[in-house]
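Asker: I'd like to go over a predicted model; first the sequence, then the structure.
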Amino acid sequence: MHRYFPHTPHDIKLMLDKCGVKELDDLYADVPPELRLKKPYNLPPEMSEQQVRKFFNTLGADNEQLICFAGAGYYDHYTPAIIPQMIERGEFLTAYTPYQPEISQGTLQYIFEYQSMMANLTGMDVSNASMYDGTTATAEAMLMAIAHARKRNKVLISSTVAPAVRKVCATYAQYHGVELIEIPTTETGISDRTFVETQLANNDVAGVIVATPNFYGILEDYSGWADMCHQHKTLFIIHAIASDLACIKTPGEWGADIAAGDAQSLGMPLNYGGPYLGFLCCTKALIRKLPGRIVGATTDSNGKRVFVLTLQAREQHIRRDKATSNICSNQGLMSLFTAMYLSVTGAEGLREICREGYNGAHYLAKQLVETGRFTLTYPHSEFFNEFCLTAQGINLDELMELCVANGILPGVKIESDKLLVAVTETRSRQEMNRLIELVNTL
Amino acid sequence: MNRDLYGKLVFELSHTGRRAIKIDSNNCPEATPISASLMRNKPLNLPELDEPSIVRHYHNISTNNFGVDTGFYPLGSCTMKYNPRINEEIAGHPEFSGLHPYQPENTVQGALEMYYTLQCALSEIGGMSEFTLNPFAGAHGELTGLMIIRAYHDSRNDKKRTKVIVPDSAHGTNPASAAVAGLKVVEVKSRPDGTVDVDDLRPLLDDTVAAVMMTNPNTLGIFERNIPEIARLAHEAGALMYYDGANLNPMLGISRPGDMGFDVMHINLHKTFSTPHGGGGPGAGPVGVRKGLEKFLPDPRVIRNDDGSFSLTGCKDSLGAVSATLGNYTVLLRALSYILSLGQNGLMEAGALATLNANYVKECLRSSYMLPIDTVCKHEFVFDGLKDKTSGVTTLDVAKRLLDYGYHAPTIYFPLLFHESLMIEPTETESLDTLNEFIDVMQRIAEEAITDPDTVKSAPHNTPVGRPDDTAAALNPIVTYAQLIGNE
């Protein structure tokens, strides 16, 4: 038997006897013969642990780890060593959803801590236990607006929201019968407010989705937007980049009803796309419309404070075909990751991380513009730690090739002549200068 | 663990002025500050702690948790098998975990090859033509699969197919996924033996049905032996067959969903392919399709070029995107590591051993617990509570008493077909010794239910905390620390 299976031939014989059959195959007598596998899977035989490790080392060698100035929603922040160590503890790693609270207080407690921190970080009243990622969390926010509005099926989403988020929202919208309308981008790289005002006037918009910082790293001014939405009974939804909220005005302060986004920026490894964590927070008034798991505090039979999954009547497994979401888990370990990260940084540490990125990004932007090879695409808007450049007479593919050959990922090419560049606290001034030098050689 | 010493929330350990991180300065000049109107004013209330306190806090709360590493976890329908540690090492490999999702293709060839290799392995195991590994979880896979089915019907300009037929024993996620995908759910009844009633199904099949969605074995652990007939009827009516892979584990090495007549399927990698459940996530729910449906798969797809290199690609017929990039990538790494570790021989053995374990436990316990459907089961089976219910001990009580004896409880009150459902799934990684010990305890609880029912009804007694007051939690939801201390 394989090393993961404890059965000896003697065990199998004894167990088959108890089941009243002779062979393992007899347990499948109810499977019609024409459905049975005719031959073993066309896969290699079992590998030893050593061979498995070698296999992935070989594959890994075909990847290039680069000094990362790429962002576009996912950022190269530092991961404190204690986090991967602690989340690999078997009690956390190999548990399932905390259905039995008496032996799941570890999971329930860290989710409660996560919810508390995330609600505070976004400036909202409450948070759920987390979602898959920022794209799906935003799509769920859209569905919340539709469920809340009942008879409206129109949602506006700004074209300054990251394209990956808009694409996933568009997919959910298409199949759920939601009319998703894009708010145009103005010349200064922000959402067109006049367009929104006109649309809202019809009183048929369920929700408006905007971003802070937006896809171009710009901090848009949403003064008055919440009132404008609420006058038309429309929900105001802000997609945010989690780490930046230590310094920038929060969805709660802008008067948003729902905050959604990705928490990858809270120190999560880039992981070539996942796992990350989607956060979904809202006002207290909307808590019973909030999808996903929620942990609440209560007392146990001894009168002690304990934590449980609560408000389960909202959930898909109870509501079945009347459900407005099919989420039936959360991002588990990644919410532990988030709670630990925010415990490690504290408020001051997180602000320092933001400051390093902010100062670095402004330094790098200025220097790159001074090379004469780029201009700022939106020079009249304030950006945070990411900015959009328009190439001036240089070929971005050539730049990409040159930088990669020198171990640097200079940013994300978002249009033929536009480069999106991000700076986090992990980028040194030396690395920035190296990038500037390379640009100068073009 | 001593709850009096260590039962605090992280916020209650905070002391102003403590810190656990030092941030390096990049020595860039101070930039002009952001306009005050765009800055955060609300206080940021995060705990202030030193590093040792954080480690001790999370270490201690972990000891209040129960995982597969702790003990037997017979949670029906969740396939709580052993999660090999080598997979964790592979997932943390910096040459994968350090990659940005938008890196140029020529810098991530190994990562793309990994995706492609896993995709091919799952296709072989599922009997499908191609898999997308992008969906983040089982429920997300269901949603994606139903979108594929809708995209298929739409491409044929067949717009009236708005219904999905789902058995009454199905997981609650099935109807919920259908609703989110914009489809209406029609339930088909089970026969007394728990399988789909073909006579009840036949009249439901017409040109308004988009798909028939099934798990096989079903949620009672019973193989749907009429599946070829059901698939034939569905296909004759123009509908597609959707396989919910939640119960794929016992079919490893036995039969492939593609050969059963299914057109679209998802697999829960965190069940059959042993990626850790992580307290609820992250999971992964790859979706496979039969030949002819590949073009509807979500973007992006990974293809192998003629020169052996790999590329990301999109397709105009695709249903769209369900994720930013390639899903929970490092979960996929774990699953491939598991498939390679088991190899052909291990995969061929796994299903039958899972089935053997389940049948053994069933046969050993049927004298004490009510077995409503008396037949050979697959990976799991369902009792309808105790055989002798005179003392009023319920399934919930039995579950709670199990915690006292050091076991996780089975799934309870699901499926909804019985009042006192108790669903047991041992998986193939449990030894005969473990099963025998569990059987002894289950029998002891059945005896206690007669001799000392109060002890069972008031269980658990030996767990870190007692039974919580769920009603109070729902009536007055306290879901943040600010609410807990009355500081909203």
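Answerer: That came through, no problem.

Asker: how is the chain carved up into domains?
Answerer: Using chain A here. Under automatic domain parsing, the residue ranges defining each domain of chain A are A:9-60, A:67-78+A:346-440, A:82-339.

Asker: other chain: chain B
Answerer: B:3-62, B:86-341, B:348-472.

Asker: Among the domains of chain A, show me which one is buried the most.
Answerer: Greatest average neighbour count among the domains of chain A goes to domain A:82-339 (a mean of 23), per mean count of other Cβ atoms under 10 Å in any protein chain shown. C-beta here means a position set from N, CA and C on the backbone, and glycine is covered the same way.

Asker: Quick one: end-to-end distance for it.
Answerer: Across domain A:82-339, the terminal residues are separated by 12 Å (Cα to Cα, to the nearest Å).

Asker: For B:Gly466, which non-adjacent residue is spatially closest?
Answerer: A:Ser301 (3.5 Å; Cβ to Cβ, 6 or more residues apart in numbering or on different chains).

Asker: What pLDDT is listed against that neighbour?
Answerer: The pLDDT attached to A:Ser301 in the predicted structure is 92.

Asker: Please name the residues that touch B:Pro477.
Answerer: Applying Cβ atoms under 8 Å, 6 or more residues apart in numbering or on different chains to B:Pro477 gives the contacts A:126, A:287, A:294, A:296, A:310-311, B:483.

Asker: which one of the domains of chain B is the most hemmed in?
Answerer: The densest packing among the domains of chain B, expressed as mean neighbour count by mean count of other Cβ under 10 Å, is seen in domain B:86-341 with a mean of 22.

Asker: Distance from that one to the middle of the chain?
Answerer: On the basis of Cα atoms, centre = their mean, to the nearest Å, the separation between the geometric centre of domain B:86-341 and that of its chain is 13 Å.

Asker: where in the chain is pLDDT low?
Answerer: No chain was given, so I picked chain A. For chain A, the stretches with pLDDT under 70 are A:314-320.

Asker: try chain B instead
Answerer: B:1-5, B:488.

Asker: quick one on the thing from earlier: please name whichever of the domains of chain A is nearest to B:Thr16.
Answerer: domain A:67-78+A:346-440 (10.0 Å; Cβ to Cβ).

Asker: can the closest one be found next to chain B?
Answerer: Yes - if you take Cβ under 8 Å from any Cβ of the partner chain as the test, domain A:67-78+A:346-440 does meet chain B, through A:68, A:70, A:72-74, A:76, A:346-353, A:356, A:358-364, A:382, A:384, A:400, A:404, A:409, A:412, A:425, A:427-429, A:432.

Asker: Same check on stretch A:27-40?
Answerer: Yes - counting by Cβ under 8 Å from any Cβ, chain B has neighbours in stretch A:27-40: A:27-32, A:34-37, A:40.

Asker: returning to that earlier point: contact partners for the residue nearest to B:Gly466?
Answerer: Applying Cβ under 8 Å, 6+ apart, one finds that A:Ser301 lies in contact with B:458, B:466-469.

Asker: Any figure for the gap between it and B:Ser458?
Answerer: 8 Å (Cβ to Cβ, to the nearest Å).

Asker: any shared contact partners between these two?
Answerer: Counting by Cβ under 8 Å, 6+ apart, nothing touches both A:Ser301 and B:Ser458.

Asker: gap between the helix or strand encompassing A:Phe112 and the chain center?
Answerer: Assigned by DSSP states H and E, A:Phe112 belongs to helix A:105-122. Relative to the chain's own centre, helix A:105-122 is displaced by 16 Å; criterion: Cα atoms, centre = their mean.

Asker: What helices and strands are in contact with that helix?
Answerer: Taking 3 or more Cβ pairs under 8 Å, 6 or more residues apart in numbering or on different chains; DSSP states H and E as the contact definition, the neighbouring helices and strands of helix A:105-122 are helix A:90-93, strand A:126-127, strand A:278-282, strand A:295-299, strand A:305-309, helix A:333-370, helix B:51-62, helix B:481-484.

Asker: Show me what the first one is in contact with.
Answerer: Outside helix A:90-93, the residues that touch it by Cβ under 8 Å, 6+ apart are A:86-87, A:106-107, A:110, A:333, A:336, B:62-63, B:65-70, B:83, B:88, B:276, B:278-279.

Asker: and if you look at the fourth one?
Answerer: With contacts defined as Cβ under 8 Å, 6+ apart, strand A:295-299 is touched by A:98, A:108, A:111-112, A:115, A:129, A:305-311, B:468-470, B:472-474, B:477-479, B:484.

Asker: The second one too?
Answerer: Outside strand A:126-127, the residues that touch it by Cβ under 8 Å, 6+ apart are A:114-116, A:118-119, A:279-284, A:287, A:290, A:294, B:477, B:479-480.

Asker: Just checking: what are the partner strands of it?
Answerer: The strands beside strand A:126-127 in its sheet (DSSP bridges) come out as strand A:278-282 (antiparallel).

Asker: and the partner strand with helix A:105-122, angle?
Answerer: Orientation check (axes from the mean of the first three to the mean of the last three Cα atoms, to 10 degrees): strand A:278-282 against helix A:105-122 gives 70 degrees.

Asker: circling back: show me which pair in the residues of stretch A:27-40 next to chain B is furthest apart.
Answerer: Greatest spatial distance in those: A:Asp30 and A:Pro40, 21.6 Å, computed using Cβ to Cβ.

Asker: where exactly do the helices run in chain A?
Answerer: A:9-19, A:49-60, A:82-87, A:90-93, A:105-122, A:134-149, A:163-176, A:193-200, A:225-231, A:316-319, A:333-370, A:396-405, A:429-440 (DSSP state H).

Asker: out of those, which comes closest to A:Ile183?
Answerer: With Cβ to Cβ, the closest approach to A:Ile183 among the helices of chain A belongs to helix A:193-200: 5.5 Å.
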